[in-house]
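> Coordinates for the following, if possible.
(2 chains)
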Amino acid sequence: KAGVTQTPRYLIKTRGQQVTLSCSPISGHRSVSWYQQTPGQGLQFLFEYFSETQRNKGNFPGRFSGRQFSNSRSEMNVSTLELGDSALYLCASSPVGESVTDTQYFGPGTRLTVL
Amino acid sequence: ILNVEQSPQSLHVQEGDSTNFTCSFPSSNFYALHWYRWETAKSPEALFVMTLNGDEKKKGRISATLNTKEGYSYLYIKGSQPEDSATYLCAFCNYGQNFVFGPGTRLSVLP
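The predicted structure is shown next:
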């Protein structure tokens, strides 16, 4: 089985722009979670989608949003980028609905740099 | 704000040594604890998902224990090998079903 894929792998944007990141889960996985990793804050949970619905959300401002499509692929959008949004964005998929007890499979991440 | 701590922050051991590190988390509203290994330039890899107090899990030379009443989990590596060098992360999940990650323990195994 192919693993979790994320595109693009690297991205450079300027302040004020918006960005969309994509995540394709492992085939058959229905839950997709997004995480932000920064040197100062470590790995932080953004949100989780299951069956096209946002099920859980971390403590991030409304500039961070996401969606999930019927094929379980997910996108994350960040509007009005700030310098502090520079980070590695990881997505993870898990097979069934109970993601907190499921094993999560992580993608390689998208490295976003905001100038 | 939920706080998950890991100690030590970093660790250097010789090949063949056994080692262990700690993850501390809130003892209330516990739902699950995950351990991950994250090697440089790779994706985090799931090691264990633990849900029950007293749980012990093992995968090869790596094992973990869980104490939900006092809010800690230990990860043990027996006979460390250079390929064990990585950052080991724990993630606590409560009934609100949010993952809170610890800062990680960076392990370097010297040949």
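> what about B:A46, which helix or strand?
With elements taken from DSSP states H and E, the one containing B:A46 is strand B:45-50.
> what's next to that strand, contact-wise?
Applying Cβ atoms under 8 Å, 6 or more residues apart in numbering or on different chains, the external contacts of strand B:45-50 come out as A:101-106, B:32-39, B:57, B:59, B:62, B:64, B:66, B:73, B:75, B:88. Bear in mind the C-beta positions are built from the backbone N, C-alpha and C, glycine included.
> and the next helix-or-strand element following that strand, is it in reach of chain A?
Using DSSP H and E, the helix or strand that directly follows strand B:45-50 along the chain is strand B:56-59. No - interface with chain A: strand B:56-59 contributes nothing (Cβ under 8 Å from any Cβ of the partner chain), its closest point being 11.7 Å away.
> From the contact counts, what lies against strand B:56-59?
Secondary-structure packing of strand B:56-59 (3 or more Cβ pairs under 8 Å, 6 or more residues apart in numbering or on different chains; DSSP states H and E): strand B:45-50, strand B:62-67.
> Could you export that strand as CSV, CA atoms only?
What follows is the C-alpha trace of strand B:56-59 in CSV, where atoms were taken according to Å, rounded to 0.1, in the frame of the first residue of the first chain:
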residue,chain,number,x,y,z
GLU,B,56,2.8,-3.0,28.8
LYS,B,57,3.6,-3.2,25.1
LYS,B,58,6.7,-4.5,23.4
LYS,B,59,8.1,-4.3,19.8
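> for that strand, the distance to its chain's centre please.
Here the centre of strand B:56-59 is set off from its chain's centre by 12 Å, with Cα atoms, centre = their mean, to the nearest Å.
> What are the buried residues along it?
By neighbour count, and taking 16 or more other Cβ atoms under 10 Å in any protein chain shown as the criterion, the buried residues in strand B:56-59 are B:K57.
> Next, count neighbours for B:N94.
B:N94 sits with 17 neighbouring residues when counted by other Cβ atoms under 10 Å in any protein chain shown.
> Enumerate the positions of the strand holding B:A46 that are buried.
With burial defined by 16+ other Cβ under 10 Å, the residues of strand B:45-50 counted as buried are B:46-50.
> Quick one: these as JSON lines, columns for distance to B:S80 too.
Shown next, in JSON lines, are those (distance: Cβ to Cβ, whole Å):
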{"residue": "B:A46", "distance to B:S80": "20"}
{"residue": "B:L47", "distance to B:S80": "15"}
{"residue": "B:F48", "distance to B:S80": "18"}
{"residue": "B:V49", "distance to B:S80": "23"}
{"residue": "B:M50", "distance to B:S80": "22"}
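> Output those residues in a markdown table; the columns should cover pLDDT.
Formatted as a markdown table, the entries for the buried residues of strand B:45-50 read as follows, by pLDDT from 0 to 100:
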| residue | pLDDT |
| --- | --- |
| B:A46 | 93 |
| B:L47 | 96 |
| B:F48 | 95 |
| B:V49 | 93 |
| B:M50 | 94 |
